[in-house]
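In: Just to be clear, the model below is a prediction. Sequence and coordinates:
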Amino acid sequence: MLFHSHLFLFGFLPVVVAAYWLLSPRARRWWLLAASAVFYGWAGWRFLALLVGMTALSFVATKGLMGRDSLQARRLGLALGFGNLVVLGVFKYYDLFATTLNDAGARIGTGPMASVLHLALPLGISFFTFNLLGYAVDVYRRRTEPARSFADLLCYASFFPTVTSGPLMRYGDFSTQMEADARPEPDRLELGLFNLALGLAKKLVIADWIGQVIDPLWRDHAGLGVWGAWLAVVGYHFRLYFDFSGYCDMAVGTGHLLGIQVPANFRAPYTARSITEFWQKWHITLSTWFRDYLFLPMSRFLLRRARGRHPDLTRTVSLLFTMSLIGFWHGPNWTYLVWGAYQGLLLAIHAQSRSRRRQPWPAWAGRTLTTFVLLLGWVLFRSGSLGMAASLYASMFGMKGWGPALTSIPGVDAGFLLLLAGLLVLTSLPWDMPVLRPRRAWGYAMALAALLAIGVLFVGQPTPFLYFQF
Amino acid sequence: MDRLLSVLEDVETPVRLMGLALFAFLFVRALRTAESPPVRSARWLLARVGLAAALLLFLVATLNYLVNPLGIYSTRLFEPLVLHSRTEKMRLYRAAQPPPEIVVLGSSSSFTMSPAHIRERTGRPAFNASLHGGVPEDYLAFLRYMASLDKLPKLLIVPMSVELVRPNLPTGFEPHNPLKPYLERESRDLLEGARWLLTLEQTRASLRLLVAERKGRPPSHYRFDADGWGHFIESSAPLEKIVDAYMATKEWGPGLFGFRDLDDAQISYFRQFLTLARRLDVKVIVYVPPLYPRAVAFYERETNLPALRTQLVEHLRAWEAGGLIAAVHDFTRVESFGGAAAEFHDLAHPTAAGSRRMLDLMLLPLPAGS
């Protein structure tokens, strides 16, 4: 089920929220569990079974093994918990490796070496797998208590506002809120409505408009000139942010309606003056997950092995490895891996230069440079292959000529240019949704109602959120 | 006034810009309240936003219901702006009396298959249920629709061509598809109609219809009789020029048959359609519709059409041998049914005269006047 569908907005959500607050706190968990099952199972019930199975594995690993005092049992539990990573690997990456192996085999004349499975990717598997992995590690490190019951853990793993595309949540944060005897607070409901309305507009009014213009450019990328290529990349820069942050705002809004604080994923990322700052503001829950569960432990381990020597090298290796994995997390395509490695390299270069320079760059120069390197990165991120990315770079840097003027590209009119200019201004503002509160005034209320109504009108022909593919 | 009318004719961009402006206003103004404590309660805002949004959506839904630009609802204050063949054919079929015994399914290429001619030829009531952009999934859905009305014919005549089972098949000719629930085997007619009250597509169409009522309506490309027969509005342009214009489009250019394999999904729908027809004891005659002779020569020379047609005919013959199809007629070339190049409206739509010739051949086994 999509957030931006009539069914969700006028059927599922009002019924779920109303019944949730009418029920006793004890019954709410079961109601939420049922609602999440319907939400996730709407697209197909067989993947719901997979979600339940992976949660069961985590439950057995944490409650059954890590709850014991024996270190051996706890380590075994952790290993079992990481079994979910194998499931993710099979569904998401196996075919890529099999195809690559077979291609290599064909070149050296051995023929196919592995069969390609063509498994459908379960919706949200990357997100709920990482939630469950984080939970297992937290229990192992004794930072959180194991879930009291399987239903508690399943409620967390399948929580419908976040199950398909995040934001990633820590089990401890979720369970504390679920256990609290919360009452419906008008302030939370108000924030929920505000986030839903603005998220809907970000996705349907802004991101989908950009998509209508730039999708044909990406599809026919081979013939693009300078203008077309830059428009495709700059358009994608804005579209990705408004699409994904729109989704996250709706997830946060839905969470508020249920009295659950879902963590923020964005904090004005395009105002970043360096790539390091960008990663503190972009897809925050994913980057902090990798920081806490991979980068920091790995850095500590390497430093220990090097006996405290070569800290710069240790940091660079950890950054490159972590960011490559973040890239690869997005999908079974080598372009994501290269994109991740590129981000890691940029972070390493920035960290290195920061440790040597006293004066930081002027803000405008930092922002311009950061935007430029981000745009180059989005080419890799959006391209279906490295060849396609190379073709786009060639177009961007004039190797295929200037191409048709911007205004002769279908869909580019005064309205669209106004949109891009408006987005440039809006994304330059140093604040983002987490710090915003609706103004309780007549004009503001009417504007919010009008935006909500406009958003609903655009719901008719929904396109899926970009991050559903990850 | 003219300026306002031209804005109303296509409101998508203005509405998007208004949405952007509202979003910017709400986004920028929301920060200031974080600095100063609110004087009103959250309940105050929730009530006003909820009521105002509900009122706005009610107004839009009322406009769409009353204007009914796509002919979805029972209101008939205006003639629908766009003739939605699916909505219209479903309505006409429901009303058809006596219940048709012979039904023509298909796409716009079979609009001119005349039910009156079939009736004259066989003495049996007939109906033309061809749909704009109709493909095998529509055949299956329409057959289920007929079954749901308990108004099944005894014989179905359906076109099947490579164009209908190509992988790059364009869809969405008609945004509102009331046959969709029958394809998904779910009955959500009422919900679907209600959902469409709140879509931009229909709101845009409502406004366009109102503007057209004021400025004068453009002529419709075709219209339907009560028995579903489609009349094309004759063009004054020479046929050769119309065909050239068709072949210059991306859709009908060399890319039309630039693929290697037929679309599995549509083949599967066609097979499901045939299986269901047999289960319901409805006979099916399949024909491969004709194309303008010069276009056939071009596609056979420049594209993969011959190999694809062989694939398709193999499927059809296998289904015929399996008893799913009563007869197969290949009318790709006009000579096969005694037609002529002049008997086309354009590249893919035969005239009523051409369609009559094909019907005569297909109905040959049925005794006239029986």
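Out: Structure received.
In: going forward, measure contacts and count neighbours with C-alpha atoms only.
Out: OK.
In: got the residues of the stretch 201-350 of chain B near chain A?
Out: B:Glu201 (CA under 8 Å from any CA of the partner chain).
In: how about 10 Å then?
Out: When proximity is defined by CA under 10 Å from any CA of the partner chain, the stretch 201-350 of chain B lies next to chain A at B:Glu201, B:Gln202, B:Thr203.
In: now A:Gly415: how far from chain B?
Out: A:Gly415 sits 7 Å away from chain B, going by CA to the nearest CA, to the nearest Å.
In: ok, that residue touching B:Pro14?
Out: Yes - using CA atoms under 10 Å, A:Gly415 is in contact with B:Pro14, at 8.1 Å.
In: any idea of the pLDDT on A:Leu48?
Out: pLDDT recorded at A:Leu48 is 94.
In: I'd say A:Arg309 and A:Leu303 touch.
Out: Yes - counting by CA under 10 Å, A:Leu303 is a contact partner of A:Arg309 at 6.9 Å.
In: which of the two has more neighbours?
Out: For A:Arg309 versus A:Leu303, the count of surrounding residues by other CA atoms under 10 Å in any protein chain shown is larger for A:Leu303: 18 against 12.
In: Secondary structure element holding the more buried one?
Out: Taking DSSP states H and E as the definition, one finds A:Leu303 inside helix A:296-305.
In: With only the CA atoms kept, save that helix in PDB.
Out: In PDB, the C-alpha atoms belonging to helix A:296-305 read as follows (Å, rounded to 0.1, in the frame of the first residue of the first chain):
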ATOM      1  CA  LEU A 296      33.400   3.000  14.700                       C
ATOM      2  CA  PRO A 297      34.000  -0.700  15.600                       C
ATOM      3  CA  MET A 298      36.100  -1.200  12.500                       C
ATOM      4  CA  SER A 299      38.200   2.000  13.100                       C
ATOM      5  CA  ARG A 300      38.800   0.900  16.700                       C
ATOM      6  CA  PHE A 301      39.700  -2.600  15.600                       C
ATOM      7  CA  LEU A 302      42.100  -1.300  13.000                       C
ATOM      8  CA  LEU A 303      43.700   1.200  15.400                       C
ATOM      9  CA  ARG A 304      44.200  -1.500  18.000                       C
ATOM     10  CA  ARG A 305      45.800  -3.700  15.400                       C
END
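In: what does that helix rub up against?
Out: Helix A:296-305 is contacted from outside by A:290-292, A:295, A:306-319, A:321-322, using CA atoms under 10 Å, 6 or more residues apart in numbering or on different chains.
In: what's the answer for stretch B:267-281, then?
Out: If you take CA under 10 Å, 6+ apart as the criterion, stretch B:267-281 is touched by B:135-144, B:147, B:152-156, B:160, B:164-166, B:183, B:264-266, B:282-284, B:312, B:315-316, B:319, B:323-325.
In: now it, how far from the centre of its chain.
Out: How far stretch B:267-281 lies from its chain's middle: 20 Å, per CA atoms, centre = their mean, to the nearest Å.
In: So which bits of that stretch are buried?
Out: By neighbour count with 16 or more other CA atoms under 10 Å in any protein chain shown, stretch B:267-281 contains the buried residues B:Ile267, B:Tyr269, B:Phe270, B:Arg271, B:Gln272, B:Phe273, B:Leu274, B:Thr275, B:Leu276, B:Ala277.
In: what's the neighbour count on residue 99?
Out: Picking chain A for this. A:Thr99: 16 surrounding residues under other CA under 10 Å.
In: wait, I meant chain B there
Out: For B:Pro99, the count of nearby residues is 17 (other CA under 10 Å).
In: can you check A:Asp181 too?
Out: The number of residues packed around A:Asp181, counting by other CA under 10 Å, is 9.
In: OK, contacts around it?
Out: A:Asp181 sits in contact with A:Ser24, A:Pro25, A:Arg26, where contact means CA under 10 Å, 6+ apart.
In: And A:Thr370, by the same measure?
Out: By CA under 10 Å, 6+ apart, the neighbours of A:Thr370 are A:Tyr270, A:Thr271, A:Ala272, A:Arg273, A:Ser274, A:Ile275, A:Thr276, A:Glu277, A:Phe278, A:Leu346, A:Trp364.
In: and if we set it to 6 Å?
Out: Contacts for A:Thr370 (CA atoms under 6 Å, 6 or more residues apart in numbering or on different chains) come out as A:Ser274, A:Ile275.
In: Could I have the CA atoms of stretch B:318-333 written out in CSV?
Out: C-alpha atoms of stretch B:318-333 as CSV (Å, rounded to 0.1, in the frame of the first residue of the first chain):
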residue,chain,number,x,y,z
ALA,B,318,-2.1,-24.4,-31.4
TRP,B,319,-5.1,-22.9,-29.6
GLU,B,320,-7.3,-23.8,-32.6
ALA,B,321,-6.0,-27.4,-32.5
GLY,B,322,-6.6,-27.5,-28.7
GLY,B,323,-10.3,-26.5,-29.3
LEU,B,324,-10.0,-23.0,-27.7
ILE,B,325,-10.6,-21.2,-31.0
ALA,B,326,-13.3,-22.2,-33.5
ALA,B,327,-11.6,-20.6,-36.5
VAL,B,328,-8.6,-18.4,-37.4
HIS,B,329,-8.5,-15.9,-40.3
ASP,B,330,-5.4,-14.1,-41.3
PHE,B,331,-6.5,-10.8,-42.9
THR,B,332,-3.2,-9.0,-42.7
ARG,B,333,-3.2,-8.4,-46.5
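In: State the mean pLDDT of it.
Out: 92.
In: A:Leu196: which element?
Out: Counting by DSSP H and E, A:Leu196 is part of helix A:186-200.
In: residues near B:Phe23, how many?
Out: Using other CA under 10 Å, B:Phe23 has 25 other residues around it.
In: how much space is there between it and A:Phe238?
Out: Per CA to CA, to the nearest Å, B:Phe23 is found 15 Å from A:Phe238.
In: what about the residue nearest the centre of chain B, which helix or strand?
Out: The centroid of chain B falls nearest to B:His132 when counting by CA atoms, centre = their mean (3.2 Å). Using DSSP H and E, B:His132 sits in no helix or strand.
In: And for B:Glu314?
Out: In the assignment (DSSP H and E), B:Glu314 maps to helix B:305-321.
In: Can you give the contact residues for that helix?
Out: B:Phe257, B:Glu300, B:Ile325.
In: can you give me how far that helix is from the chain middle?
Out: The answer for helix B:305-321 is 25 Å, by CA atoms, centre = their mean.
In: so the biggest helix by length in chain B versus helix A:186-200, what angle?
Out: In chain B, with assignment by DSSP state H, the single longest helix is helix B:42-67. Taking axes from the mean of the first three to the mean of the last three CA atoms, to 10 degrees, one finds helix B:42-67 and helix A:186-200 inclined to each other by 40 degrees.
In: in the helix holding A:Leu303, what counts as buried?
Out: Within helix A:296-305, the residues scored as buried using 16+ other CA under 10 Å are A:Leu296, A:Met298, A:Ser299, A:Arg300, A:Leu302, A:Leu303.
In: can you state the direction angle for the helix or strand just after that helix and helix A:296-305?
Out: On the C-terminal side of helix A:296-305, the nearest following helix or strand under DSSP H and E is helix A:311-329. Calculated by the same axes, to 10 degrees, helix A:311-329 forms an angle of 150 degrees with helix A:296-305.
In: could you say what helices and strands the next helix or strand after helix A:311-329 packs with?
Out: Next in sequence after helix A:311-329, counting helices and strands by DSSP H and E, comes helix A:334-356. Counting contacts by 3 or more CA pairs under 6 Å, 6 or more residues apart in numbering or on different chains; DSSP states H and E, helix A:334-356 packs against helix A:311-329, helix A:363-382.
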